[in-house]
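Below: sequence and its predicted model.
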Amino acid sequence: MIHKLDEMTWMELDQLDRERTLILIPISPLEEHGPHLPIGTDVMAAADIAEQAAMQLAHKASEHAIVLCPATPLGCANITADFPGTISLRGSTLKNVVVDICLAWVGQGFKYLLFCNHHLDPIHMKAILWAIEEVKAEHTVHIAETMSRSVYAGLENEVATHGRAMGLDMRFEIHADAKEAAYIRYRRPVLFKPDAAPLEPVRIDVRKGMQAGHTTFKQMGAEMGYIGSPAQSDPDFGRLHIEACTRQAVELALKLIRGESLPPISPKMWAFLDKFVNLD
Ligand SMILES: [Zn+2]
C-alpha cells in the first residue's frame, strides 16, 4: 500500500512495520533547463519516478508499505549556476542534508530508504553517495540511490539505443537535451516552450571543456543553457525514458527490501568521485 508522507499523521506512520516499510525520497535540484524546459524538470522527473515506482511496488511487493515522500528540491548544480533559476548547494551542504534525512528515518526505526534522483552532476552524486556510506557505517540500514545503481552500474540502457536509432549522438545529449525535452513533452506538454528560442543542436565535449579549465556549461559555449538536440524530441521518447528510469528504480527497490545485492557501482566511477570531485 502507498502512503503519502505529507498526508499522514504521525500515528499512522508509527503503525507501520519498520521491517516491511520502504521510504521513497525523490531528490533533485532546481536548475535552469534551457529556454524551452522548466527549472523544475529534474525535480518533477524524480517525483514522477518515485510515484510510478510506488504504484508498481504496491503490487510487486504488496507485503510492504511504501511511504512516498514529497520531492526534496535540493542538489548540486554548480555547472549551470551562472543562469537564473539554478539553486545549487555546496556538496558538503547536500551531504549533510542527506545524512540528516537518513538519520531522521533511522532514528524512528525505519531501515529501508531509496533516494529517487534524476540529476547526474558528479558533485551531487558524490554528496548523496558519501552521505549514504556515512549513515551505513554507523547503522544497520539499507539505503540506496537510483542513478548510481543504473548509470554508474553500467546497466543496459534501451533509451540510448532508441536515441541512436532516432539519429542522435547520445554522447552529446547531456542537459535539457532530447531526452529531457521529450520527458516534459510527454508528461507536462504545456511546460515545453519550443518557440522561446531557436533550438539548434548544441554539441559540446564536456570533458574537454573541463580540461580547458571551464567550470560551467555556459563557459563551454552552451549560451542558452542546454547541450543536445532538444528539437529532436517527441513524447514517445519521453515516455520510454521515464518508464526505463521507473523500471530500474523498482528493480533496485525490490533488491533493497529483499536483501539482495545491488547492481555494483563501477569502481572506476567510484575512484573518479573519490579523487577528482570535491564536496567543498
Ligand atoms: Zn535535468
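Now that the structure is in, tell me what you want to look at.

how much space between the residue in the stretch 51-200 of the chain that the ion sits nearest to and residue 143?
With Cβ to the ion as the measure, the residue in the stretch 51-200 of the chain that lies nearest the ion is residue 180; the distance is 5.1 Å. Glycine gets a C-beta too; all of them are placed from N, C-alpha and C. For residue 180, the distance to residue 143 (Cβ to Cβ, to the nearest Å) stands at 27 Å.

Next: residue 72.
Using Cβ to Cβ, residue 72 is found at 15 Å from residue 143.

Compare the two (neighbour count), which wins?
Each of residue 72 and residue 143 has its neighbours counted (other Cβ atoms under 10 Å); residue 143 has more, 23 against 20.

Go ahead and produce CSV holding the CA coordinates of whichever strand or helix holds the more buried one.
Secondary structure here is read from DSSP states H and E; on that basis residue 143 sits in strand 142-145. This file holds the C-alpha atoms of strand 142-145, laid out as CSV (Å, rounded to 0.1, in the frame of the first residue of the first chain):
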residue,chain,number,x,y,z
HIS,A,142,19.5,-0.5,3.7
ILE,A,143,19.8,2.8,1.7
ALA,A,144,20.5,3.4,-2.0
GLU,A,145,20.3,6.0,-4.7
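
From the chain's centroid, how far away is that strand?
A distance of 13 Å separates the C-alpha centroid of strand 142-145 from that of its chain, computed with Cα atoms, centre = their mean, to the nearest Å.

and what of stretch 117-136?
Offset of stretch 117-136 from its chain centre (Cα atoms, centre = their mean): 10 Å.

for that stretch, which positions count as buried?
Within stretch 117-136, the residues that count as buried by 16 or more other Cβ atoms under 10 Å are 117-119, 121-132, 134-135.

partner residues bridging residue 228?
residue 202 (DSSP bridges).

Run through the helices of the chain in chain order.
Per DSSP state H, the chain carries helices over the ranges 10-14, 41-60, 91-107, 122-138, 158-165, 178-187, 206-211, 235-258, 267-276.

Verify the stated contact: the residue of the stretch 51-200 of the chain closest to the ion with residue 33.
Yes. Counting by Cβ atoms under 8 Å, a contact exists between residue 180 and residue 33, whose distance comes to 6.4 Å.

Now for the two: what residues contact both?
In terms of Cβ atoms under 8 Å, 6 or more residues apart in numbering, residue 180 and residue 33 are both contacted by the residues residue 41.

circling back: can you put the helices of the chain in TSV and add mean pLDDT and distance to residue 147?
TSV is the format used below for the helices of the chain (pLDDT from 0 to 100; distance: least, Cβ to Cβ, whole Å):
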stretch	mean pLDDT	distance to residue 147
helix 10-14	98	27
helix 41-60	98	10
helix 91-107	98	14
helix 122-138	98	7
helix 158-165	87	13
helix 178-187	97	13
helix 206-211	93	17
helix 235-258	96	9
helix 267-276	96	11
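
so which of those helices gets nearest residue 25?
With respect to residue 25, and counting by Cβ to Cβ, the nearest of the helices of the chain is helix 91-107 at 6.6 Å.
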